[in-house]
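[1] Predicted model and sequence follow; I will ask about them next.
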Amino acid sequence: MAATGGFDAAAAVSEKITPSKIISGTFGDASVAASGTRASKAPDTAIFSAAEILSKPRPTYTDEARRLQIEGEVLLEVLFAASGEARVLRTIRGLGHGLDENAISAAREIRFRPAQRDGADADSTAVVHIVFQLAY
């Protein structure tokens, strides 16, 4: 019985990743109004293009998960940084038996073109589905 693991074709293999939330206080550009003046809130007219996945490694099964015939998907919230680093922020849903750790390792190795905001590289987040399925 050969074991394979992969990313969900419907979710993670998509060409574009859309931002799921803005992490306040950590990234972005903030303007501070001079004292005595009020900052006006300008409409958000930034042009944004989502991150584009270029390559994804295949996660591996652990011996324990293979022996127990565990299948399913691990959901990870991933920050696709402007620097080109994929950083796992949290596990949304895991499978245990070492598969969560293998999914995280695989997600960190995703190669992508960063999102763009007004022509400059920008951070973005997305939920990545990593599917573990035993071949029959």
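    Alright, I've got the coordinates.
[2] what residue ranges in this structure are flagged as low confidence?
    Along the chain, segments meeting pLDDT under 70 span 1-45, 136.
[3] on contacts alone, who are the packing partners of the helix ranked longest in it?
    Ranked by residue count under DSSP state H, the longest helix found in the chain is helix 99-108. Contacts defined by 3 or more CB pairs under 8 Å, 6 or more residues apart in numbering; DSSP states H and E place helix 99-108 against strand 72-80, strand 86-93, strand 124-134. (Glycine included, C-beta is placed from N, CA and C.)
[4] what's the angle from the longest one to strand 72-80?
    Inter-element angle recorded for strand 124-134 and strand 72-80: 160 degrees (by axes from the mean of the first three to the mean of the last three CA atoms, to 10 degrees).
[5] orientation of strand 124-134 relative to helix 99-108 in degrees?
    On the basis of the same axes, to 10 degrees, strand 124-134 is oriented at 130 degrees to helix 99-108.
[6] residues of strand 124-134 that come out buried?
    124-126, 128-132 (16 or more other CB atoms under 10 Å).
[7] partner strands of it, parallel or antiparallel?
    With DSSP bridges as the test, strand 124-134 is paired with strand 3-7 (antiparallel), strand 72-80 (antiparallel).
[8] what's in contact with the longest helix of the chain?
    Here helix 99-108 makes contact (CB atoms under 8 Å, 6 or more residues apart in numbering) with 5, 56-62, 65, 70, 74, 76, 78, 86-88, 91, 94, 128, 130, 132.
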